[in-house]
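> Sequence first, predicted model second:
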Amino acid sequence: MVKVNLEEKFELFTEHWSPKIVGALNGQHVKLAKLKGAFIWHKHDNEDELFFVVKGSLTMEFRNKVVVVDENEFLIVPKGVEHRPVADKEVLVMLFEPATTINTGNVKGEMTKENLDTI
């Protein structure tokens with residue numbers, strides 16, 4: 001059992017859109033990520049995703065609406081729902097998702113991160 005300090009972990013990396021694993025439980029990964037700019041439209045056919053905003057404000061775009069998630073709020077994106085995270089300014093998020101989840105879901109490209117670092 002190891003206590004995790006989110007502030008300390010966020011200080012260990014600077015890159016955007018590159019999640020880092022900070023914990024695991026019940027087949028799930030707890031990940032931290034720094035987001036800035038717009039991500040790609042994608043979906044996860046088999047996994048729900050939880051986005052918890054630690055710092056900043058995240059805009060989650062869906063094809064039929066937009067949801068703004070502020071500090072100390074979270075949003076669960078159900079499996080199969082196409083979405084695109086957007087961060088006008090840097091946002092720090094904690095993600096809960098199955099260990100098999102790839103950040104770009106059904107879309108493979110230069111933003112895809114398949115082998116994540118554990119910090």
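Arrived safely, thanks for sending. Residues are numbered from 1 along each chain as shown.
> So, low pLDDT: which residues of this structure?
Counting by pLDDT under 70, the chain contains no low-confidence residues.
> so what's the residue nearest the centre of it closest to, chain neighbours aside?
Against the mean C-alpha coordinate of the chain, by C-alpha atoms, centre = their mean, the closest residue is Leu95 at 4.7 Å. Distances taken as C-beta to C-beta, 6 or more residues apart in numbering put Lys31 closest to Leu95, at 4.2 Å, once the chain neighbours are dropped. (Glycine included, C-beta is placed from N, CA and C.)
> any idea which element the one you found lies in?
Taking DSSP states H and E as the criterion, Lys31 maps to strand 28-38.
> Ile102 reaches Glu114, doesn't it?
Yes. With contact defined as C-beta atoms under 8 Å, Ile102 counts as touching Glu114 (5.8 Å).
> Between those two, tell me which one has more neighbours.
Ile102 (16 against 8; other C-beta atoms under 10 Å).
> from the middle of its chain, how far away would stretch 55-63 be?
With C-alpha atoms, centre = their mean, to the nearest Å as the basis, stretch 55-63 stands 11 Å off its chain's centre.
> Please name every helix or strand in contact with the helix or strand encompassing Val69.
Following DSSP H and E, one finds Val69 within strand 66-70. Judged by 3 or more C-beta pairs under 8 Å, 6 or more residues apart in numbering; DSSP states H and E, the packing partners of strand 66-70 are strand 49-55, strand 57-62.
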